[in-house]
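J.: Please work out how this folds:
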Amino acid sequence: MAKDYVGTPKIHHLESKRNRLTWILGVSGLCILFYILGAWQSPTSSTTIPKTTSNLASTESCDTSSNVNLSPKAASSMSSLSSPDLDFEAHHTASLDEAVPTAVQSFPVCPMNFSEYTPCQDTTRGRRFDRKMLIYRERHCPEKDELVKCLIPAPPKYKTPFKWPQSRDYAWYDNIPHKELSIEKAVQNWIQVEGDRFRFPGGGTMFPRGADAYIDDINALIPLTNGGIRTALDTGCGVASWGAFLLKRDILAMSVAPRDTHEAQVQFALERGVPAMIGVIGSLRLTFPARAFDMAHCSRCLIPWYAYDGLYLIEVDRVLRPGGYWILSGPPIHWKKYYKGWERTQEDLKQEQDSIEAVAKRLCWKKVIEKDDLAIWQKPMNHIECIESQQSYKTPPMCKAGYADDAWYKKLEVCVTPLPEVNNAEEVAGGELEKWPERAFAVPPRIRTGTIPGITAEKFQEDNNIWKERVAYYKRIVPLISQGRYRNVMDMNANLGGFAAALVQYPVWVMNVVPTIADIDTLGAIYERGFIGSYQDWCEAFSTYPRTYDLIHVDGVFSMYQDRCDVTYILLEMDRILRPEGTVIFRDKVDTLVKIQELTNGMRWTSKIMDHESGPFNPEKILVAVKTYWTGETTQEQ
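T.: Sure, this is the predicted structure:
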């Protein structure tokens, strides 16, 4: 049955077309109107979003009224950056618009008596603490109301340090104006003043012929040049001449000394371009993982190794890898020859040596040799025999199950850190290491055995490839990396050490820092690769002097810490430890980098935000910043 229609279909269709045409014309008219309005307003609106990049070749405009003497030398070390200015307006307008500062916060300059300020090893604060076990020389960081929110000034005549390897032997006097060591240690030939510079002859208390000859003596007793020994620990390092001359043999030493009456030992070491940090074996563990070092050394370091039931030697045992060596020179070794010069009785020195020998035996160490001024012990490859011998020695016992790498404010314990289990007496506990330099890129045993959660051999190799690509990109945007301008480098979030590995061909060393809040602990694997580093909570200051690093790499640190502490103080700490005209490379999300850039503008840094190495569409960006050259002034009162 056909359907009845109301009205004429032809007339209905005509009305429908007429309505549709009216609607289209109306929308088109509105579009044209808004287009005309937008074109009219665009010249004004385009000026509301400022550029987020700055010219690194220009000198930072600074307020010179607060105890600052700006040098004519501009901070133009990054003027060779060839990367074009980035236009973030096209891709990141929303993020940038939210982060645009209304005014740049300018940080004042600290008085000149803060020139060598070390917040967590401040000698004034240290006097509040017990002198027993050197607790007063350990880390004691300022409380919130004691934090310093100003820029640490360089000495008035500060100069760019000598390049490596010349810096091993020379440093400018104006950079570290302390003559105390040249007078106090004149006989030992540690350091000499020659006009406007210091010279480091390489002498030491127990190596008057120089560190080079002393190391040759060690090499005659244990092999130092076959690649089997790569990482070393020097406790009580002085000005780190032992570590400085080990570098000729491809051995990387972590030199450690407290901040004490010998002014600026660690500062001298770092000024020379030698790895070092402020530290002491007192009541806390050293900030290194277990099984980190192939060799440990003490040359008259004045540590009472036998005291507190051998507590300090037990800590060396913790950080020494299976089969590693401990070298001792100075009291009480060769006491029959030196007892008069040491102003101690033969009985006293003999008792000290016997006590050290007893502790070493209970640790299952084997005495390799004692010849002339040197005594060398070796840690066992595993603890199979040691566990059996504990039944007769009783002390020190094996530590209870726990995390051997836990080393951040961890109290020392009189117990032996157990080595990983093995199947037979010949097996190396934890896994055998490749020799250097293959060790740098071989899969570390900790990863090979699956002890680092989520990290496989495949991910390790992938990480190496990523960092090879990233460092190649860094070399294009910061050419000075490959030109010998930088020597002391810090990676504030080292992960697997890929950044350090990618730099291995250049004359630099890297302090690989693993934050204590990192999701996984990778520092042990970094040491297994033949690199050095430390644990660190970046809500606190690092254990070093001001102006001791040339290049700092910051991968995601600010995203990691933004909800834990005021990141302004992290930036101020970076400014403290960065040398004038030093460089920082930040990797993070663009909105985080914009906020960082805002703060660094008030710290006398120049900076530029650049694309990720993979291109402009990656949300992660790179901020390259340079600390401008400026110095403080010394008033008559100061």
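
J.: helix, strand or coil for residue 552?
T.: Secondary structure, DSSP: H, G, I helix; E, B strand; the rest coil: residue 552 is strand.

J.: Bridged to it, which residues?
T.: residue 490, residue 584 (DSSP bridges).

J.: how many other residues sit next to it?
T.: Neighbours of residue 552 under the rule other C-beta atoms under 10 Å: 25. From N, CA and C alone the C-beta is placed, and that goes for glycine too.

J.: Enumerate every residue touching the nearest residue to residue 125 once chain neighbours are set aside.
T.: Leaving aside its chain neighbours, residue 125 sits nearest to residue 140 (5.4 Å; criterion: C-beta to C-beta, 6 or more residues apart in numbering). For residue 140, the contact set (C-beta atoms under 8 Å, 6 or more residues apart in numbering) comprises 120, 121, 122, 125, 126, 128, 129.

J.: Apply 7 Å and report the result again.
T.: Neighbouring residues of residue 140 by C-beta atoms under 7 Å, 6 or more residues apart in numbering: 120, 125, 126, 129.

J.: need the strands for the stretch 501-638 of the chain, in chain order.
T.: Applying DSSP state E, counting those that start in this stretch to the stretch 501-638 of the chain gives strands spanning 509-515, 532-536, 549-555, 578-589, 605-610, 620-627, 631-632.

J.: Show residues contacting the fourth one.
T.: To tie it back to what came earlier, the one meant is strand 578-589. With C-beta under 7 Å, 6+ apart, strand 578-589 has contacts from 75, 77-78, 154, 158, 160, 474, 478, 547, 549-556, 558-559, 574, 593, 596, 619-620, 622-627, 629-630.

J.: out of the residues you listed, which are buried?
T.: 75, 77-78, 154, 158, 160, 474, 478, 547, 549-556, 558, 574, 593, 596, 620, 622-627, 629-630 (16 or more other C-beta atoms under 10 Å).

J.: quick one: stretch 435-454 to chain centroid distance?
T.: Centre-to-centre, stretch 435-454 and its host chain are 21 Å apart (C-alpha atoms, centre = their mean, to the nearest Å).

J.: got the end-to-end distance for it?
T.: Distance across stretch 435-454, first residue to last, is 26 Å (C-alpha to C-alpha, to the nearest Å).

J.: tell me the mean pLDDT over it?
T.: Across stretch 435-454, pLDDT averages out at 97.

J.: where do the helices sit along the stretch 451-600 of the chain?
T.: Using DSSP state H, counting those that start in this stretch, the helices of the stretch 451-600 of the chain run over residues 457-477, 498-502, 523-528, 557-561, 567-577, 590-601.

J.: quick one: buried residues of the first one?
T.: When you say that, I think you mean helix 457-477. For helix 457-477, using 16+ other C-beta under 10 Å, the buried residues are 460, 463, 464, 467, 470, 471, 473, 474, 475, 477.

J.: Any chance of TSV for those, columns pLDDT and distance to residue 352?
T.: Converted to TSV, the buried residues of helix 457-477 look like this (pLDDT from 0 to 100; distance: C-beta to C-beta, whole Å):
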residue	pLDDT	distance to residue 352
460	98	45
463	98	47
464	98	47
467	98	47
470	98	51
471	98	49
473	97	55
474	97	51
475	96	53
477	95	56
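
J.: Could you dump those into CSV with distance to residue 580 added?
T.: Output for these, formatted as CSV (distance: C-beta to C-beta, whole Å):
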residue, distance to residue 580
460, 37
463, 33
464, 33
467, 28
470, 26
471, 24
473, 26
474, 21
475, 23
477, 21
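
J.: of these, closest to residue 116?
T.: Distance to residue 116, by C-beta to C-beta, is smallest for residue 474 among the buried residues of helix 457-477, at 30.7 Å.

J.: so what's the closest one up against?
T.: Here residue 474 is in contact with 481, 585 (C-beta under 7 Å, 6+ apart).

J.: related to what we said a few turns ago, so which of the strands of the stretch 501-638 of the chain comes closest to residue 274?
T.: strand 509-515 (8.2 Å).

J.: Run through the neighbouring helices and strands of the closest one.
T.: With contacts taken as 3 or more C-beta pairs under 7 Å, 6 or more residues apart in numbering; DSSP states H and E, strand 509-515 sits against strand 488-491, helix 498-502, strand 532-536.

J.: go again using 10 Å as the cut-off
T.: When contacts are defined as 3 or more C-beta pairs under 10 Å, 6 or more residues apart in numbering; DSSP states H and E, strand 509-515 sits against strand 252-257, strand 488-491, helix 498-502, helix 523-528, strand 532-536, strand 549-555, helix 557-561.

J.: Convert that strand to PDB, retaining C-alpha atoms only.
T.: The C-alpha coordinates for strand 509-515 follow below in PDB (Å, rounded to 0.1, in the frame of the first residue of the first chain):
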ATOM      1  CA  TRP A 509      87.100  11.600  34.600                       C
ATOM      2  CA  VAL A 510      83.500  11.300  35.800                       C
ATOM      3  CA  MET A 511      82.100  11.400  39.300                       C
ATOM      4  CA  ASN A 512      79.100   9.100  38.800                       C
ATOM      5  CA  VAL A 513      76.500   9.900  41.400                       C
ATOM      6  CA  VAL A 514      73.600   7.600  42.100                       C
ATOM      7  CA  PRO A 515      70.800   9.500  44.100                       C
END
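
J.: Pull up the distance across stretch 249-258, start to finish.
T.: 26 Å.

J.: Flag every buried residue along it.
T.: For stretch 249-258, using 16+ other C-beta under 10 Å, the buried residues are 249, 251, 252, 253, 254, 255, 256, 257, 258.

J.: List the contacts of the second one.
T.: Residues touching residue 251, when contacts are defined by C-beta atoms under 10 Å, 6 or more residues apart in numbering, comprise 215, 224-225, 227, 229-232, 242-243, 245, 294-295, 436, 530.

J.: Including distance to residue 609 and mean pLDDT, could the helices and strands packed on strand 509-515 go into a markdown table?
T.: What follows is the helices and strands packed on strand 509-515, written out as a markdown table (distance: least, C-beta to C-beta, whole Å; pLDDT from 0 to 100):
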| stretch | distance to residue 609 | mean pLDDT |
| --- | --- | --- |
| strand 252-257 | 34 | 97 |
| strand 488-491 | 20 | 98 |
| helix 498-502 | 20 | 98 |
| helix 523-528 | 29 | 98 |
| strand 532-536 | 26 | 98 |
| strand 549-555 | 14 | 98 |
| helix 557-561 | 14 | 97 |
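
J.: and residue 214, what does it touch?
T.: By C-beta under 10 Å, 6+ apart, the neighbours of residue 214 are 202-204, 206-208, 241-242, 245, 299, 329, 373-374.

J.: filter those residues to the buried ones?
T.: Here, 16+ other C-beta under 10 Å leaves 202, 203, 204, 206, 207, 241, 242, 245, 299, 329, 373, 374 buried among the contacts of residue 214.

J.: Turn the helices of the stretch 451-600 of the chain into TSV, including distance to residue 339.
T.: Converted to TSV, these look like this (distance: least, C-beta to C-beta, whole Å):
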stretch	distance to residue 339
helix 457-477	52
helix 498-502	45
helix 523-528	38
helix 557-561	52
helix 567-577	43
helix 590-601	57
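
J.: among those, which is nearest residue 171?
T.: Of all the helices of the stretch 451-600 of the chain, helix 567-577 comes closest under C-beta to C-beta, at 17.2 Å.

J.: Output whichever helix or strand residue 213 is part of as PDB, nothing but the C-alphas.
T.: Mapping residue 213 onto the secondary structure by DSSP states H and E places it in helix 211-219. Provided in PDB are the C-alpha atoms of helix 211-219 (Å, rounded to 0.1, in the frame of the first residue of the first chain):
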ATOM      1  CA  ALA A 211     104.800   8.900  43.700                       C
ATOM      2  CA  ASP A 212     105.900   7.600  40.300                       C
ATOM      3  CA  ALA A 213     108.800   5.700  41.800                       C
ATOM      4  CA  TYR A 214     106.600   4.500  44.800                       C
ATOM      5  CA  ILE A 215     104.000   3.100  42.300                       C
ATOM      6  CA  ASP A 216     106.800   1.300  40.500                       C
ATOM      7  CA  ASP A 217     107.800  -0.300  43.800                       C
ATOM      8  CA  ILE A 218     104.200  -1.500  44.200                       C
ATOM      9  CA  ASN A 219     104.100  -2.700  40.600                       C
END
